[in-house]
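pasting the sequence and the predicted model now:
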Amino acid sequence: MNFEKEIKTLLISNNFLIYVSTEEEERLEYMLKKVIDQLFKEKIYTWNFIDGYTDNPNYISKCTQNPLEALSIITKYNHKKTKLFFLKDFHVFIKDISINRKLKNLYQYLRKNNQYVILSGTEINLPTELKEYIAYFQMPLPNKEEILIELNHFLYKKNTNQLKYKETICMAYTGFSINTIRKSLSKLILNNIPKNQIIEKILHEKEKIIQKTEGLKFYSPDNNKLEIGGLKNLKNWLRTRSLAFTQKAYSYGITRPKGILLVGIQGTGKSLSAKIIANKWNIPLFRLDISKIFAGILGESENRIEKIITICEKNSPCILWIDEIDKIFSEYNNINDSGTKQRVTNIFLTWLSEKKQEVFIVATANTINQLPVEILRKGRFDEIFFVDLPNFKERLKIFQIHLKMFRPITWNKYNIYYLSKISKGFSGAEIEQSIIDAMYRGFYGSREFTTIDIKNAIYEIIPLSKIERNKILNLRKWGYSGKVKIA
């Protein structure tokens, strides 16, 4: 349901006091005027702290700098035909005891006279004692249809055909406010940005916005060179869902995938998988850094995780990458935080189960020992995959990928069959490190590195499969128990 329909539903359902959380005040006022005209053929009367009431000649500029009087005046004047009053920035006053009481009293009057008051503000939480009286609604950012209307209007106004890829541009602008979109479009056209750089510029602007959020990092899907060896079953699973976020899939009736949990040994490509999925599906990737969520101020950690969830939902479809999710339940397990960790965890787990927006979760874990049962059960994730150490064929592919990256022309002169055979028990990250070590040897000797250099590096590296032998054996035992899929 879009915002316009939601407001209409609230009004015709006898919600006489409504609080709308938004930072787009101008857009909200435009929408309210449109809805009120459609429903009641009436104007709305607006109030703000500096100018008082506007749009009404009987009491224009009244109640300036007096929010209590702004509420009181609604019951004092004879304006039977007035259907709706719009009071701006009311989150600043709503917790005041006199305002709080006045709103409760006003509710009875509004119900009797079939009138409505809409309050706007930027804060999300309402005082507990008002939740029975006020209907709360968070105004969503522009959807694709609204963005497309804005694009068409802007391009017509500017009389230019510079932007042709409207669908792709709409996707890139998801998560932006209307004002931000207008400013961005003006900058693109004034600077005469080439067509092939438009999406890149928009995503760069999005990255700068996301950087202001603690605990969240943005990756734009612009690196098509990423490749991962092995993981055949995981790749097949993802391939069949690669079009799940398209309009065609929606029309078909497909349920949007929720996400996957990748559990396995370090260095086996779990984190790289998240980046590759974003590139293959061509949707934005957000990385959650749980270490930056927890703050010393009471309530701040909960606010941060809720803000991160909101940003992901506003930018959907997208991927939320949670690296080493097991650390959430171990690293912060013993700290004396007055229940903060548990509350943050509960907020996040509830969202995982109930989310409706197109946010695909890619969570990784190095162990299952610290993961609670509720994470592992169906409903949080579509599938749990065990990522094992690469077998011989997979090691062949991994050597090929890395050697092609370092030596794209001469990679086939290296004996990758022999190297794959002697690197049993190595992870993908350890294979890459053996090549890097070999390059240092060659560079130090003022020559090209050879297969022998890589062989010597392999023999000198002690892989994690030997260092953590017992832990890895137990993890593999769980992975091949039949409880989860093999990646």
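Thanks, I have the structure now. Numbers count the residues shown, from 1 in each chain.

from Gln357, how far out is the residue nearest the centre of the chain?
The residue lying closest to the centre of the chain (Cα atoms, centre = their mean) is Cys312, at 1.8 Å. Separation of Cys312 from Gln357 (Cβ to Cβ, to the nearest Å): 8 Å. Placement of C-beta: from N, CA and C, glycine included.

kindly report the same for Asp326.
Applying Cβ to Cβ, the value for Asp326 to Gln357 is 25 Å.

ok, Ile228 next?
Distance from Ile228 to Gln357, by Cβ to Cβ: 27 Å.

tell me which of the two has more neighbours.
Higher neighbour count among Ile228 and Gln357: Ile228, with 19 against 16, using other Cβ atoms under 10 Å.

does the more buried one belong to a helix, a strand or coil?
coil (DSSP: H, G, I helix; E, B strand; the rest coil).

that one touches Ala274, doesn't it?
No - with contact defined as Cβ atoms under 8 Å, Ile228 does not reach Ala274; the gap is 10.7 Å.

count the residues that sit near Tyr440.
Around Tyr440 there are 12 other residues, counting by other Cβ under 10 Å.

mind listing what Leu238 touches?
Shown in contact with Leu238 (Cβ atoms under 8 Å, 6 or more residues apart in numbering): Ile277, Lys280.

which residues of the stretch 1-150 of the chain fall in helices?
Using DSSP state H, counting those that start in this stretch, the helices of the stretch 1-150 of the chain run over 3-12, 25-40, 67-76, 97-113, 144-158.

give me the pLDDT for Glu448.
Per-residue confidence for Glu448 comes out at a pLDDT of 95.

so it versus Arg27, what's the distance?
According to Cβ to Cβ, Glu448 and Arg27 sit 61 Å apart.

these two - which one has more neighbours?
Taking other Cβ under 10 Å, Glu448 and Arg27 do not tie; Arg27 has more neighbours (18 against 12).

ok, now which ones touch the residue lying closest to Tyr418 once chain neighbours are set aside?
Leaving out its chain neighbours, the residue that sits closest to Tyr418 by Cβ to Cβ, 6 or more residues apart in numbering is Thr451, at 6.8 Å. Neighbouring residues of Thr451 by Cβ under 8 Å, 6+ apart: Tyr414, Asn415, Tyr418, Leu419.

quick check: the two most widely separated of those residues?
For the contacts of Thr451, the maximum inter-member distance is 9.0 Å, found between Tyr414 and Tyr418 (Cβ to Cβ).

between those two, tell me which one has more neighbours.
Neighbour totals were compared for Tyr414 and Tyr418, and Tyr414 leads with 21 against 13 (other Cβ under 10 Å).

now do the end-to-end distance for stretch 379-394.
Start-to-end span of stretch 379-394 (Cα to Cα, to the nearest Å) is 31 Å.

list the buried residues for it?
Arg380, Phe381, Asp382, Glu383, Ile384, Phe385, Phe386, Val387, Asp388, Leu389, Pro390, Glu394 (16 or more other Cβ atoms under 10 Å).

what distance do you get for the closest residue in space to Leu243 that isn't next to it in sequence to Arg241?
Distance criterion Cβ to Cβ, 6+ apart; nearest residue to Leu243, sequence neighbours excluded, is Ala249 at 5.5 Å. With the distance defined as Cβ to Cβ, Ala249 ends up 9 Å from Arg241.

and the next helix or strand past the helix or strand of the chain with the lowest mean pLDDT?
The helix or strand of the chain with the poorest confidence is helix 144-158; it has a mean of 72 (mean pLDDT, DSSP states H and E). Using DSSP states H and E, the helix or strand that follows helix 144-158 in sequence is helix 166-173.

any buried residues in the helix or strand that that following helix is followed by, and which?
Per DSSP H and E, the first helix or strand lying C-terminal to helix 166-173 is helix 178-190. By neighbour count on 16+ other Cβ under 10 Å, the buried set for helix 178-190 is Ile178, Thr180, Ile181, Ser184, Leu185, Leu188, Ile189.

so how far is helix 178-190 off the chain centroid?
23 Å (Cα atoms, centre = their mean, to the nearest Å).

tell me what that helix is packed against?
In this structure, helix 178-190 makes packing contacts with helix 25-40, helix 144-158, helix 198-210, judged by 3 or more Cβ pairs under 8 Å, 6 or more residues apart in numbering; DSSP states H and E.

so which of the helices of the stretch 1-150 of the chain is the most packed in?
Highest mean neighbour count among the helices of the stretch 1-150 of the chain (mean count of other Cβ atoms under 10 Å): helix 67-76, with a mean of 18.

what helices and strands are in contact with that helix?
Helix 67-76 sits against strand 52-54, strand 84-87, helix 97-113, with contacts defined as 3+ Cβ pairs under 8 Å, 6+ apart.

let's see it as CSV, backbone CA atoms only.
Written as CSV, here are the backbone C-alpha positions of helix 67-76 (Å, rounded to 0.1, in the frame of the first residue of the first chain):
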residue,chain,number,x,y,z
PRO,A,67,1.9,24.9,20.4
LEU,A,68,-0.5,24.6,23.2
GLU,A,69,-2.6,27.5,21.9
ALA,A,70,-2.4,26.0,18.4
LEU,A,71,-4.2,23.0,19.8
SER,A,72,-6.7,25.0,21.9
ILE,A,73,-7.7,27.2,19.0
ILE,A,74,-9.1,24.2,17.1
THR,A,75,-11.9,23.9,19.6
LYS,A,76,-12.5,27.7,20.1
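
hmm, who's touching it?
Outside of helix 67-76, the residues within contact range by Cβ under 8 Å, 6+ apart are 47, 49, 52-53, 59, 62-63, 85, 87, 90, 93, 96, 98-99, 102-103, 106, 109-110, 115, 117.

Leu87 pairs with what?
Trp47, Leu119 (DSSP bridges).

my read: it touches Leu106, true?
No - using Cβ under 8 Å, Leu87 is not in contact with Leu106, being 10.9 Å away.

okay, and the common contacts of those two?
By Cβ under 8 Å, 6+ apart, Leu87 and Leu106 have these common neighbours: Leu71, Val117.
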